[in-house]
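*Asks:* please find the sequence and the predicted model below.
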Amino acid sequence: MREDLKTYWNEIQQKLGTYSINENENTVKTKKQLCDIYKNTEYKNISSEIVAAVEDNKDLKKDTVEKKWSEILWWLEKIYCINRIIIDAWIKPLEVSKVFGKTVYLYTQHGIYAEEYLKAKGYDSFVEMAVCDVMHDSNINVVILSTETCCVK
C-alpha cells in the first residue's frame with residue numbers, strides 16, 4: 001500500500017511541481033491527504049483517475065450511514081417511488097449493524113420472513129441503490145440479515 005501511495009505522490013508532483021504536505025516532510029501518509037491536496041490546490045489538471053482511486057478507497061463508517069438513514073428513506077420514497085407503507089413497515093425498522101469497508105450490513109429484528117420478503121420483492125436492491133446515491137459511491141454493497149441468518153449485531 002505504501003508503494004501505491006508513492007506512485008500517486010510522484011504523479012501529483014510531476015503535474016503540480018513540488019508540493020509539501022507539511023513543512024518538514026514531502027511524503028503522503030494517507031490517500032485522504034492526496035484527495036485533500038487535489039481539493040485544496042488551485043491546479044485542477046490532476047488526472048481524475050488519481051482522485052477516483054483516492055476516493056474509491058475511503059471506507060464507510062457506521063455512524064455516517066446511520067446519520068444519513070432518514071435521507072436514504074426519503075430517496076426510497078421520492079426518487080424510487082417505494083410506497084410509504086412498505087418503507088415504514090419493512091425498511092425503516094432496519095438497523096445498521098456493521099460496516100466493513102464498502103459493505104453495509106443491515107439487521108432486521110422481524111426475523112427471516114422480513115429478510116426473505118425484502119429480497120424477494122427486490123427492496124434490498126432499492127435500499128442498496130439509495131445508499132449508493134446518498135453516500136455518492138456506486139461501489140457500496142448492502143446486505144440484509146436477520147437473527148436466523150447470522151448474528152452480526
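*Replies:* Structure's in. What do you need? Residues are numbered from 1 along each chain as shown.
*Asks:* how does this protein divide up, domain by domain?
*Replies:* Domains of the chain are assigned by automatic domain parsing as 2-56, 62-146.
*Asks:* mean pLDDT for the ones you listed: which is lowest?
*Replies:* Mean pLDDT is lowest for domain 2-56 among those, at a mean of 50.
*Asks:* list the contacts of Val127.
*Replies:* By Cβ atoms under 8 Å, 6 or more residues apart in numbering, the residues touching Val127 are Ile72, Leu76, Ile91, Leu94, Leu106, Leu118, Val142, Ile144. (Each C-beta comes from the backbone N, C-alpha and C, glycine too.)
*Asks:* which SSE is it in?
*Replies:* Following DSSP states H and E, one finds Val127 within helix 123-135.
*Asks:* now that helix - C-alpha only, CSV.
*Replies:* Provided in CSV are the C-alpha atoms of helix 123-135 (Å, rounded to 0.1, in the frame of the first residue of the first chain):
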residue,chain,number,x,y,z
TYR,A,123,-36.4,-4.0,-2.0
ASP,A,124,-32.9,-4.9,-0.9
SER,A,125,-31.7,-3.7,-4.3
PHE,A,126,-33.5,-0.4,-4.0
VAL,A,127,-32.0,0.1,-0.5
GLU,A,128,-28.6,-0.5,-1.9
MET,A,129,-29.1,2.0,-4.8
ALA,A,130,-30.4,4.6,-2.3
VAL,A,131,-27.4,4.1,0.0
CYS,A,132,-25.1,4.4,-3.0
ASP,A,133,-26.9,7.6,-4.2
VAL,A,134,-26.9,9.3,-0.8
MET,A,135,-23.3,8.3,0.0
